[in-house]
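# here is my input, please return the structure:
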Amino acid sequence: MYRRIRDLREDKDLNQTEVAKMLGMSQTGYSKYETGENDIPTAVLIKLANFYSTSIDYLLDQTDTKKRY
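Numbering: from 1, shown residues only. All right, here's what the predicted structure looks like:
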């Protein structure tokens with residue numbers, strides 16, 4: 001999961017600070033999601049899935065289908 005959120009961010013040419021701002025949190029806090037140091041709360045997963053136009057299943061490595069249906 002952590003690799004996927006990093007890859008999605010990089011695909012959009014965003015840095016951690018930009019994504020953290022969209023989520024209303026610090027860059028350090030967001031960085032801990034990407035490294036797996038902290039688990040990602042459900043509310044944040046929903047925001048990330050909406051932001052990247054993908055499914056939570058994709059973020060959680062439950063499917064390889066990037067687009068949501």
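
# for this protein, just list every one of the helices.
With DSSP state H applied, the chain shows helices at 2-11, 16-23, 27-35, 42-51, 56-59, listed in chain order.

# for residue 66, which of the ones you listed is the nearest?
Residue 66 sits nearest to helix 56-59 of all the helices of the chain, at 5.7 Å, using C-beta to C-beta. Backbone N, C-alpha and C define where each C-beta goes, glycine included.

# hmm, who's touching that closest one?
1, 4-5, 45-46, 48-49, 52, 63-66, 68 (C-beta atoms under 8 Å, 6 or more residues apart in numbering).

# so for it, what's the average pLDDT?
For helix 56-59, mean pLDDT rounds to 94.

# give me the buried positions along it.
Using 16 or more other C-beta atoms under 10 Å as the burial criterion, the residues of helix 56-59 that qualify are 56, 58-59.

# just these now: which is nearest residue 33?
The closest of those, once distances to residue 33 are taken by C-beta to C-beta, is residue 59, at 10.5 Å.

# which of the buried residues of helix 56-59 lies closest to residue 26?
Among the buried residues of helix 56-59, residue 59 lies closest to residue 26 (C-beta to C-beta), at 20.5 Å.

# distance of the closest one relative to residue 40?
Computed as C-beta to C-beta, to the nearest Å, the residue 59 to residue 40 distance reads 8 Å.

# re earlier: and the contacts of helix 56-59 as JSON lines, adding distance to residue 30 and neighbour count?
Formatted as JSON lines, the contacts of helix 56-59 follow (distance: C-beta to C-beta, whole Å; neighbours: other C-beta atoms under 10 Å):
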{"residue": "1", "distance to residue 30": "14", "neighbour count": "17"}
{"residue": "4", "distance to residue 30": "14", "neighbour count": "17"}
{"residue": "5", "distance to residue 30": "9", "neighbour count": "21"}
{"residue": "45", "distance to residue 30": "13", "neighbour count": "17"}
{"residue": "46", "distance to residue 30": "15", "neighbour count": "12"}
{"residue": "48", "distance to residue 30": "10", "neighbour count": "22"}
{"residue": "49", "distance to residue 30": "15", "neighbour count": "19"}
{"residue": "52", "distance to residue 30": "14", "neighbour count": "20"}
{"residue": "63", "distance to residue 30": "24", "neighbour count": "13"}
{"residue": "64", "distance to residue 30": "24", "neighbour count": "7"}
{"residue": "65", "distance to residue 30": "25", "neighbour count": "11"}
{"residue": "66", "distance to residue 30": "21", "neighbour count": "13"}
{"residue": "68", "distance to residue 30": "22", "neighbour count": "14"}
